[in-house]
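Enquirer: Okay, predicted coordinates and the sequence, questions at the end:
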Amino acid sequence: MHNICTCGTSAWSSHDAHYELCLQEAACLQMPGELRAMFAYMLAFCDVNAPEPLFVRFKGDMCEDFIHQGLPVAEAEALAYYDLSDKLHSCSAISHKG
């Protein structure tokens, strides 16, 4: 996964608009699994004030891989959510080790 944006280093770091722009750029450049990993990283290590609207805004991009497998949209969104949850759990485990 390429680091497209940095957390906590710009004047926008306290605003979710910065994270939205970061995810918008990533949605154009990364695969859905990488986008989910990036969002999990943001949730674990950055100061995202309102993660739910960001997930809702980008869930279509985050579940494209499952939709391309022929799954119904609702199931694809659920799988993307659970994969994101697993990735967030992994990020949390890493942050507690260090």
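Expert: Thanks, I have the structure now.
Enquirer: Against L79, how distant is the residue nearest to A50 when sequence neighbours are not counted?
Expert: The spatially closest residue to A50, leaving aside those adjacent along the chain, is D16, at 5.5 Å (C-beta to C-beta, 6 or more residues apart in numbering). For glycine as for every other residue, the C-beta is placed from the backbone atoms N, C-alpha and C. Separation of D16 from L79 (C-beta to C-beta, to the nearest Å): 25 Å.
Enquirer: need the contact list for the residue minimising distance to the centre of the chain.
Expert: Centre of the chain computed as the mean C-alpha position; nearest residue by C-alpha atoms, centre = their mean is F39, 1.9 Å away. The neighbourhood of F39, defined by C-beta atoms under 8 Å, 6 or more residues apart in numbering, consists of 23, 54-55, 58, 62, 84.
Enquirer: Next up, the contacts around the nearest residue to M31 once chain neighbours are set aside.
Expert: Nearest in space to M31, with sequence neighbours left out and distances taken as C-beta to C-beta, 6+ apart, is D65 at 6.8 Å. Applying C-beta under 8 Å, 6+ apart, one finds that D65 lies in contact with 31-33.
Enquirer: Buried among the residues you listed? Need that as a selection in PyMOL.
Expert: In PyMOL, a selection of the buried entries from the contacts of D65 looks like this (16 or more other C-beta atoms under 10 Å):
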select buried, resi 32+33
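Enquirer: Which of the contacts of D65 fall in helices?
Expert: Judged by DSSP state H, helices contain the following of the contacts of D65: 32-33.
Enquirer: for the chain, longest helix please?
Expert: The single longest helix within the chain, with elements called by DSSP H, is helix 73-97.
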